[in-house]
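[1] the following comprises the amino acid sequence and a computationally predicted model.
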Amino acid sequence: MGFSLRTWLMLAVISVPAIIACEVRADVVPTNSVIGLLVPPEESNGVSLREGATLAVELANQSAPPRWQLVVRGRAGQWGADGVEAARMVTDDGAIGLIAPPDGAATHLVLQVSGRTAVPVITLSADSSVTRAGVPWALRIVPGAMDQANILLKHDAIARWNIVVPDGRSGREASHDLSTAASAVGCAIAQTNVLAGGNPNLTQLARAILSNQPDAILLWLDATNASALIRTVRGAGFAGTLAGPAWLDSGGFVSLAGEAANGLKIAEPVLDPPAQMAYDKFSGEFQRRFGNAPDAVARAGFDAANLLMQILRSAGNRPVNELFPVKAGFVGASGRMCFDAQGNRQSELHVVVLQNGKFSPIKPNQNQ
């Protein structure tokens, strides 16, 4: 009994967790080139990601061929539904490159498709596990969770940290990465608290966190839950240090958290002069196109689409996998970037702090 490529991919994504590489497509990049973006409906940064990638494609199409098309898919459900959508972008839409979202679980589903088709992937997931999945043509466009946590945890001489992560796989991955970073810098993690899904009792969670008397709290949560928990712990009297992931650099988070988030620290790539010029140009184009300032995920989505198009364009008649590991450096709106042999972004990071609705760089060991 024979199966079509589409049917085989659907079955493979649903039933087989292992990643098996096959021969790489060696056809020339077509005149109308398609890249796919997976955005699950529950992805809190989905709008920013779509807007950043969309702008990159629109600007690319103002220059020389090929003419690019962005296909966006993603749905929630059982049996690896987002993985099926990723497969459909390849089999139905003809995508020759894929962008995976910040959610690590969804990225792993995209990587299963990539491992079987050799379609390259750029991911926005900070989980260390995504570049250990055995897919050599995958790149992480954002600094890893361990790299971010490393600089945050060692920035101040803080004795006791509490970590807060979501439940499920995302929380397990985050807890592993943050604990590994803490061990590497000799930082004491007093306790790891898990934010339950659905409608969590934030008052109860805040009470559990503060009963441990932490000096600082590292909240590795999405913007909605992070802002709500920050308001709760501040309202309960916590006056210590707050820190979180780079994706909290968003207008939505700042608006939801309000003054309670003043002093929150995150780690972002340093913008040297060429990168600052790239960011300024991107920011101006973004505001003209969408009417608001871009956030960290929009910048990463823009850079992911640009990098993916550059790799596909440069492949020409060669198999795309011959360009990996990527050794060249790039300058993007999110900063200067290069990649190690596993596809992890290597960038100089610095700590920025939120004050009065704006994140600004601070000097090392500067107290807030």
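    Yep, it's here. Since the model is a prediction, treat every value here as computed from it, not as a measurement. Numbering: from 1, shown residues only.

[2] in the chain, where is pLDDT below threshold?
    Within the chain, the segments meeting pLDDT under 70 span 1-32, 76-80, 363-368.

[3] domains in it, by residue range?
    What automatic domain parsing lists as the domains of the chain is 5-143+274-346, 146-269+350-361.

[4] could you export those domains as CSV, including mean neighbour count?
    Bear in mind the C-beta positions are built from the backbone N, C-alpha and C, glycine included. What follows is these, written out as CSV (neighbours: other Cβ atoms under 10 Å):
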stretch, mean neighbour count
domain 5-143+274-346, 20
domain 146-269+350-361, 19
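
[5] nearest residue to the most centrally placed residue in the chain in space, ignoring adjacent ones along the chain?
    Residue closest to the mean C-alpha point of the chain, counted by Cα atoms, centre = their mean, is residue 124 at 2.7 Å. Excluding its sequence neighbours, the residue lying closest to residue 124 (Cβ to Cβ, 6 or more residues apart in numbering) is residue 102, at 4.6 Å.

[6] could you confirm the one you found falls within a helix?
    No: according to DSSP: H, G, I helix; E, B strand; the rest coil, residue 102 belongs to no helix; its state is coil.

[7] got the contact list for it?
    43, 45, 49, 124, 125, 126, 142, 247, 297 (Cβ atoms under 8 Å, 6 or more residues apart in numbering).

[8] mind telling me what element the nearest residue to the second one once chain neighbours are set aside is part of?
    Right, residue 45. Spatially, and ignoring its direct neighbours in sequence, residue 45 is nearest to residue 297 (4.1 Å; Cβ to Cβ, 6+ apart). Residue 297 is located in helix 296-315, with elements delineated by DSSP states H and E.

[9] helices and strands around the next helix or strand after that helix, which ones?
    Note on helix 296-315: by DSSP H and E, the next helix or strand toward the C-terminus is strand 330-332. Strand 330-332 sits against helix 273-290, helix 296-315, strand 335-339, with contacts defined as 3 or more Cβ pairs under 8 Å, 6 or more residues apart in numbering; DSSP states H and E.

[10] nearest to residue 73, of the ones you listed?
    Checking the helices and strands packed on strand 330-332 against residue 73 by Cβ to Cβ gives helix 296-315 as the closest, at 15.0 Å.

[11] so the closest one versus helix 273-290, what angle?
    Counting by axes from the mean of the first three to the mean of the last three Cα atoms, to 10 degrees, helix 296-315 lies at 110 degrees to helix 273-290.

[12] elements contacting helix 296-315?
    Checking 3+ Cβ pairs under 8 Å, 6+ apart, helix 296-315 ends up next to strand 32-38, helix 46-60, strand 98-100, strand 121-123, helix 273-290, strand 330-332.

[13] can you dump the C-alpha coordinates of it into CSV?
    Presented in CSV, the C-alpha positions along helix 296-315 are these (Å, rounded to 0.1, in the frame of the first residue of the first chain):
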residue,chain,number,x,y,z
ALA,A,296,11.2,42.2,20.8
VAL,A,297,9.2,39.4,19.1
ALA,A,298,8.5,41.6,16.0
ARG,A,299,12.2,42.3,15.7
ALA,A,300,13.0,38.6,16.0
GLY,A,301,10.3,37.7,13.5
PHE,A,302,11.6,40.3,11.0
ASP,A,303,15.2,39.0,11.4
ALA,A,304,14.0,35.3,11.1
ALA,A,305,12.3,35.9,7.8
ASN,A,306,15.2,38.0,6.4
LEU,A,307,17.7,35.4,7.4
LEU,A,308,15.7,32.5,6.0
MET,A,309,15.2,34.3,2.7
GLN,A,310,18.9,35.1,2.5
ILE,A,311,19.9,31.5,3.1
LEU,A,312,17.4,30.2,0.5
ARG,A,313,18.4,32.8,-2.0
SER,A,314,22.1,32.0,-1.6
ALA,A,315,21.5,28.3,-2.0
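
[14] and that helix with strand 335-339, angle?
    50 degrees.

[15] strands of the stretch 51-200 of the chain, residue ranges please.
    Along the stretch 51-200 of the chain, counting by DSSP state E, counting those that start in this stretch, strands occupy 67-73, 98-100, 121-123, 138-140, 161-166, 189-195.

[16] contact partners for the residue nearest to residue 45?
    Residue 297 neighbours (Cβ under 8 Å, 6+ apart): 45, 48, 49, 52, 102, 124, 247, 250.

[17] look up how far residue 239 lies from the residue lying closest to the third one once chain neighbours are set aside.
    Leaving aside its chain neighbours, residue 49 sits nearest to residue 301 (4.3 Å; criterion: Cβ to Cβ, 6+ apart). Distance of residue 301 to residue 239, computed by Cβ to Cβ, to the nearest Å: 35 Å.
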